[in-house]
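Asker: any chance you can model this:
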Amino acid sequence: MNDTKPSGLRLAFFGTPAFAASILEYLQIEGENIVVVVTTPQKQQGRGLKTTPMVMQEAAQKLNIPVLAPEKLRDEKFIAELRSFNADIFCVVAYKILPREVFTMPKYGAFNIHTSLLPKYRGAAPMNWAVINGEKETGVTTFLLDDKIDTGNILMQESVPIGDNETAGDLHDKLMHLGADLAVATITGLANNTLTPHPQSSEESTSAPKIFPNDCILDLTKTAEQVHNKIRGLSPYPTAIAMLPNGERLKVFRSALANVDFNSSPGLFFFSGNKKKLYIGTSTIPVELLEVQRENKKRMTAEEFLRGAQNIFEK
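Answerer: Sure thing, here's the model as predicted:
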């Protein structure tokens, strides 16, 4: 828990996923005065088109905070409703791009919590790409919103190491807690006028674009390190894909650089003599596949997979 006192400001919180909901709950625990939550509209899902509550709406309702879920952020009715809450500051976490008439509304400005050390990894999937690219550290940045994506003046930053076998999911949980602490510190700093925003260097920027299904298919002509990094960078979602000899897609959640003294052809599957360890060849050493999932099956260890998949590898 943060040692700073609540800022006393009226806060509007914008967000959608569980990452944002966790930070919302932390701000409430820390005593921040959250007057409204802005999130995406509920979606109709399934054959019966039932309306499923969104995680952010559920979190706000549990905390008795009013919720706005506009279809369009430039809608005059929404802007009037948002203005009626007289928020002093906006906190934005994993939400849509706010138009200028919205992010310029509060007295103390609108700031975003981004899960990278900006200007590195601007975009939709910064945690995934940091791991995929084999980065040894990343972090969280808070910055003031402007008209472009992830380009505003930086307020605060804090870094964390990335372990050699750490997945994007592991990193997500670590940065969620760090982001909550940094959100409190940023709100307090803006309220007390103790922060000095500084511009980002465009020359040092890198991108973290949205990941599409075709991006998840492993290129096994790459090195073992590159394949391993991609597997952990896409775990647990959207998940790396390896193609089995029978044409079936195999999701791969966890892997390791193989502790074996021989190479194999890129893309070639093989297993240990006791049929407990599963490997796949790359351009260098093999990669051991630790946790996988066949189509229409549950996630399982390599040993569990091999018990029911011997026929796949039989010639």
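
Asker: from here on, contacts and neighbour counts on C-alpha atoms
Answerer: Fine.

Asker: wait, what's in contact with the closest residue to K230 other than its chain neighbours?
Answerer: Counting by Cα to Cα, 6 or more residues apart in numbering, the nearest residue to K230 once its immediate chain neighbours are dropped is I132, at 4.5 Å. Applying Cα atoms under 8 Å, 6 or more residues apart in numbering, we find I132 in contact with 226, 229-234.

Asker: cool, and A125?
Answerer: 208-211.

Asker: top of the residues you listed by neighbour count?
Answerer: A208 (17 neighbours; other Cα atoms under 10 Å).

Asker: torsion angles phi and psi at that residue?
Answerer: Backbone geometry at A208, expressed as degrees, to the nearest 10, gives phi -130, psi 70.

Asker: swap in the one 4 residues further on?
Answerer: F212 adopts backbone torsions of phi -100, psi 160, taken as degrees, to the nearest 10.

Asker: immediately after the longest helix seen in the chain, which helix or strand?
Answerer: In the chain, with assignment by DSSP state H, the single longest helix is helix 168-192. Helices and strands here follow DSSP states H and E; after helix 168-192, the next one along the chain is helix 224-233.

Asker: by contact count, what packs against that following helix?
Answerer: helix 126-132, strand 249-257, strand 287-293 (3 or more Cα pairs under 8 Å, 6 or more residues apart in numbering; DSSP states H and E).

Asker: can you give me the buried ones in stretch 160-173?
Answerer: Of all the residues in stretch 160-173, those buried under the rule 16 or more other Cα atoms under 10 Å are 160, 162, 165-171.

Asker: that stretch spans what distance, first to last residue?
Answerer: One end of stretch 160-173 to the other measures 12 Å (Cα to Cα, to the nearest Å).

Asker: any low-confidence regions in the chain?
Answerer: 1-4, 44-53, 310, 314-315 (pLDDT under 70).

Asker: can you give me the domain boundaries for it?
Answerer: Structural domains annotated on the chain: 10-204, 213-313, as defined by automatic domain parsing.

Asker: return the distance of the longest one from the chain's centre.
Answerer: This means domain 10-204. Going by Cα atoms, centre = their mean, to the nearest Å, the spacing between the C-alpha centre of domain 10-204 and its chain's C-alpha centre is 12 Å.

Asker: start to end distance for that domain?
Answerer: From its first residue to its last, domain 10-204 covers 35 Å (Cα to Cα).

Asker: could you number the chain from 41 rather than 1 from now on?
Answerer: Got it, the first residue is 41 from now on, which makes the last one we talked about domain 50-244.

Asker: what's the burial count for F183?
Answerer: 26.

Asker: that one and I194 touch, don't they?
Answerer: Yes: F183 is within contact range of I194, at 4.2 Å (criterion: Cα atoms under 8 Å).

Asker: hang on, T226 packs against T181?
Answerer: No: with the criterion set as Cα under 8 Å, T226 and T181 do not qualify as a contacting pair; they are 10.0 Å apart.

Asker: intersection of neighbour lists for the two?
Answerer: When contacts are counted by Cα under 8 Å, 6+ apart, T226 and T181 have 195-196 as shared neighbours.

Asker: now do the contacts for H212.
Answerer: With Cα under 8 Å, 6+ apart as the criterion, the residues that contact H212 are 59, 167.

Asker: same thing but at 10 Å, please
Answerer: 59, 155, 167-168, 218 (Cα atoms under 10 Å, 6 or more residues apart in numbering).

Asker: ok, and the most crowded of these?
Answerer: In terms of neighbours by other Cα under 10 Å, the contacts of H212 top out with T155 at 31 neighbours.

Asker: so who does that residue touch?
Answerer: Residues 133-134, 161-167, 170, 178-182, 197-199, 211-212, 215-216, 218-219 are the ones in contact with T155 under the rule Cα under 10 Å, 6+ apart.

Asker: cool, G219 as well?
Answerer: For G219, the set of contacting residues under the criterion of Cα under 10 Å, 6+ apart consists of 59-60, 62-63, 66, 133, 153-155, 179-182, 197-198, 213, 225.

Asker: filter the residues you listed to the buried ones?
Answerer: Listed as buried from these are 59-60, 62-63, 66, 133, 153-155, 179-182, 197-198, 225; burial here means 16+ other Cα under 10 Å.

Asker: just the C-alphas of the helix or strand that contains V76, formatted as PDB.
Answerer: Assessed by DSSP H and E, V76 sits inside strand 73-78. This file holds the C-alpha atoms of strand 73-78, laid out as PDB (Å, rounded to 0.1, in the frame of the first residue of the first chain):
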ATOM      1  CA  ASN A  73     -12.200  10.200  -4.700                       C
ATOM      2  CA  ILE A  74     -13.300   8.500  -7.900                       C
ATOM      3  CA  VAL A  75     -16.500  10.200  -9.000                       C
ATOM      4  CA  VAL A  76     -17.200   8.300 -12.300                       C
ATOM      5  CA  VAL A  77     -15.900   5.400 -14.300                       C
ATOM      6  CA  VAL A  78     -15.900   5.500 -18.100                       C
END
